[in-house]
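Q: Mind folding the following:
(one chain, ligands or ions: 2)
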Amino acid sequence: MIKPTVREKKNFGFADVPEDTSFEAGYLVSVNSGWRSIRPVVNTDKCIGCMQCYLYCPDGVISIQENKAVIDYDFCKGCGICSKICKPGAIGMERER
Ligand code: SF4
Ligand code: SF4
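A: Numbering: from 1, shown residues only. Ligands and ions are numbered 1, 2, ... in the order given. Predicted coordinates for the structure are as follows:
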């Protein structure tokens, strides 16, 4: 019988999270944005630098620079999770042209 895998629950702090994007850390090695149909766009006036998007992006392509979120479009796949998680509504999804 196959047993379900229960993910270990543990608390972690910012010090436990890598500071760089996945690409800079060497995890993503080839550009994967070719099939993206929509892209996240950060409104820097609304961004408060809370790092939630940085923590939740499944591809680790968001970095925080000068207290604002910056997205690496070469590796962003356009899933929209960052837009959903951003409470101030600083990330809008725009159609690719
Ligand atoms: S979640 Fe929103 S407000 Fe927070 S850093 Fe990301 S873009 Fe900025
Ligand atoms: S759209 Fe998805 S892959 Fe792109 S930055 Fe947001 S969470 Fe990361």
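Q: For this structure, which segments are assigned as strands?
A: Assigned by DSSP state E, the strands in the chain fall at 38-42, 62-65, 68-71, 91-95.
Q: Distance of the residue most central in space within the chain relative to ligand 2?
A: In the chain, the residue lying closest to the centroid (CA atoms, centre = their mean) is residue 57, at 2.6 Å. Residue 57 sits 3 Å away from ligand 2, going by CB to the nearest ligand atom, to the nearest Å. In this view, the C-beta of every residue, glycine as well, is placed from N, C-alpha and C.
Q: give the contact list for that residue.
A: Counting by CB atoms under 8 Å, 6 or more residues apart in numbering, residue 57 touches 76, 81, 82.
Q: Determine the number of other residues adjacent to residue 66.
A: 7 (other CB atoms under 10 Å).
Q: With the one 5 residues further on instead?
A: Residue neighbour count, defined by other CB under 10 Å, stands at 20 for residue 71.
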